[in-house]
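1. Mind looking at a prediction? Sequence and model below.
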Amino acid sequence: MSQIVYQRSPGLKDVETHYCPGCHHGIVHKLIAEVLTEMDLLDTAVGVCPVGCSVLAGNYINCDFIEAAHGRAPAVATGVKRTHPELPVFTYQGDGDLASIGTAEIVHATMRGEKFTTIFINNAIYGMTGGQMAPTTLEGQKSTTSQSGRDRKIHGLPVRMAEMLATLDGMAYAERVCVADIPSLNKAKRAIKKAFTLQQKGIGFTFIEVLSTCPTNWGMSPVEAGRWVQSTMSQYYPLGVVKDAEVPA
Amino acid sequence: MQKELWKGNEAIAEAAVRAGCRAYFGYPITPQNEIPEYMSVRMPEAGGVFVQAESEIAAINMVYGAAAAGVRAMTSSSSPGISLKQEGISYLIGAELPAVIVNMMRGGPGLGTIQAGQADYFQATRSPGHGDGRMIVLAPSGIQEAADLVAEAFDLADIYRNPVMILADGMIGQMMEPIVWHERKPAELPPKDWAALGREGDGRTHFVTSLRLQSAENEVFNQQLMGKYQQIARDEVRWEAIDCQDAQIIIVAYGTTARICQSAARKLKQEGIRVGVFRPIGLWPYPYEALRKLAEQDTVRSVLTVEMSLGQMVEDVRLAVCGVKPTPFYGRTGGMIPETEQVADQVHQILREVKA
Ligand SMILES: Cc1ncc(C[n+]2csc(CCOP(=O)(O)OP(=O)(O)O)c2C)c(N)n1
Ligand code: SF4
């Protein structure tokens, strides 16, 4: 007798992704897919995927998607959610996208308390364009545009987006998670579920920052990359709930 | 039907609401501020959405989102703001999304002047954004026509799944005129079965995108776009020819400038000079054929172009006339509205030169 112990979530399409081995984009896609499936939102959810390695997310996650210009996903999502408040809407954005070219859009969407969810993939680098420095690149971290390591005198220090956005009243829920091991991955899934649940309640903007790998541009093996998230990245970007508007401070 | 006195910007906003626009996103800039101001009150009344965006970039991307979700959406701005919207316009074209964009032109370049201008003609008709895209461009010369064209713009955008621009000069926005609200019979529109509004009953998903990673696929898409543009160029040409039959001189002008040229033509008529005014209503597609036929008449000595720029539409006039007649140009820049006398002087000078 065979028994199914694990299978592809119906929230994922039956296709191969283009992500590199050890890249966490695929894992986060899976978590979103599972959450949308468990909450019965696959038929109504609309995702917005801007330019970046995940620009093809609409080919992988089994719900409707809109591709957006670089950095503009929060504005596009505003257009969708305001005209269709009943639909669960989310953006899926990289750190070059959200923390650099799209800072104005994410700050103002948060400020207005837009009632959608943002999944923010912080991999401390520009993945798609080949490993340039991002606003989130750690001090001393090498990239193709900071070849001797990020220097605070030239580039300043990396930005903690969850904390920065949490200073705005429109932020209802902000949490930073990672998916580098099974307990963290389970926590990340709970965080994503919480964000969608709060979105359904309509209390404000919800934001999940995921510390992710880019083994290809970090020059690490998948295993080394996962360890680096836990040993180094999470030191600068502390994991945990940054803001929960439902819990009085 | 009863006539009502309306200011251009407000008439344009009201016309959009009456045309079923249910999402407006904008950012303040003179001389179009009455549009977002009016919409901030009127949109919620009509059950629609108004958001004052943080920038023109955000506004056009909100339009992109609302359009992708199947809603009739609009934004408006003036020249410097339209430059910021160009990225979004290109994405609208690439994702084949309908939307209406109003440009209440002022004088450039840079911050320029806040007074009426017509110097964004190239931007609108030649290069609405990066890539091989085109945009239908409609240019009203009065408030009635502005209101009528807004309604038409929404239909055209839906029919061709392409952004449409209302290209007006700041005078149109600020001026008041009596207008009539016509009952329009609803156009036959294709279903928006591509909209990202949730999956179809059979589980099929929608993915609104302008990304075509495979070059061959991208070329096929561009060829399809071009096919659509050829159809538009054939079926959607709009112009008005006033007294152009047997004219000695034809003046070509659009928007406010066309009205000044009509006054000049009336004045010249009293002097016994037969002057026609050719007024393109659509700037893209341009009425090349119609203008060429009129210019070919034996009576026509010269085709004069007048613009509030130092020479942009004149290039289309020259493409149309194709060297069969002289094509002189008279232009003033933003806020330096050409006067009737000055246009008449140009015509006198042309006739002197022809005689000499
Ligand atoms: C306006 C614009 N500027 C630059 C680019 C090039 N570009 C494509 S993806 C990207 C950055 C992607 O990095 P990130 O957002 O961190 O996502 P990742 O690929 O790492 O997942 C850039 C700069 C673009 N497509 N559009
Ligand atoms: S380049 Fe980096 S972010 Fe992009 S798919 Fe590869 S590992 Fe993932």
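-> Thanks, I have it. Ligands and ions are numbered 1, 2, ... in the order given.

2. Residue in the stretch 251-356 of chain B with the shortest distance to ligand 2?
-> B:Trp284 (39.3 Å; CB to the nearest ligand atom). All C-beta atoms are positioned from the backbone trio N, CA, C, and that covers glycine.

3. who's in contact with that residue?
-> Residues in contact with B:Trp284, defined by CB atoms under 8 Å, 6 or more residues apart in numbering or on different chains, are B:124-125, B:134-137.

4. what do you get for B:Ala67?
-> B:Ala67 is in contact with A:79, B:73, B:92, B:97-99, counting by CB under 8 Å, 6+ apart.

5. now the residues you listed as a markdown table including pLDDT?
-> Putting those into a markdown table (pLDDT from 0 to 100) gives the following:
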| residue | pLDDT |
| --- | --- |
| A:Gly79 | 98 |
| B:Ala73 | 98 |
| B:Leu92 | 98 |
| B:Leu97 | 98 |
| B:Pro98 | 98 |
| B:Ala99 | 98 |
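
6. In chain B, which residue sits furthest out from the middle?
-> B:Asp202 (40.7 Å; CA atoms, centre = their mean).

7. what about that one, distance to ligand 1?
-> B:Asp202 sits 32 Å away from ligand 1, going by CB to the nearest ligand atom, to the nearest Å.

8. Just to be sure, that residue is in a strand?
-> No - counting by DSSP: H, G, I helix; E, B strand; the rest coil, one finds B:Asp202 to be coil, located in no strand.

9. tell me which parts of chain A are close to ligand 2?
-> A:19-20, A:23, A:25, A:53, A:123, A:127-128, A:214-217 (CB under 6 Å from any ligand atom).

10. on that earlier part again, taking the contacts of B:Trp284 one by one, which sit in strands?
-> Residues of the contacts of B:Trp284 located in strands (DSSP state E): B:136-137.

11. so where do the strands sit in the stretch 1-150 of chain B?
-> Taking DSSP state E, counting those that start in this stretch, the strands of the stretch 1-150 of chain B run over residues B:4-7, B:23-26, B:49-52, B:73-77, B:99-107, B:113-116, B:136-138.

12. coming back round to it: would you format the contacts of B:Trp284 as JSON lines with pLDDT, neighbour count and distance to ligand 2 included?
-> Formatted as JSON lines, the contacts of B:Trp284 follow (pLDDT from 0 to 100; neighbours: other CB atoms under 10 Å in any protein chain shown; distance: CB to the nearest ligand atom, whole Å):
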{"residue": "B:Ala124", "pLDDT": "98", "neighbour count": "24", "distance to ligand 2": "37"}
{"residue": "B:Thr125", "pLDDT": "98", "neighbour count": "24", "distance to ligand 2": "39"}
{"residue": "B:Arg134", "pLDDT": "97", "neighbour count": "21", "distance to ligand 2": "34"}
{"residue": "B:Met135", "pLDDT": "98", "neighbour count": "27", "distance to ligand 2": "34"}
{"residue": "B:Ile136", "pLDDT": "98", "neighbour count": "27", "distance to ligand 2": "38"}
{"residue": "B:Val137", "pLDDT": "98", "neighbour count": "27", "distance to ligand 2": "40"}
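
13. what about the strands in chain A?
-> With DSSP E as the criterion, chain A has strands spanning A:46-50, A:64-68, A:89-94, A:117-122, A:171-178, A:205-211, A:240-244.
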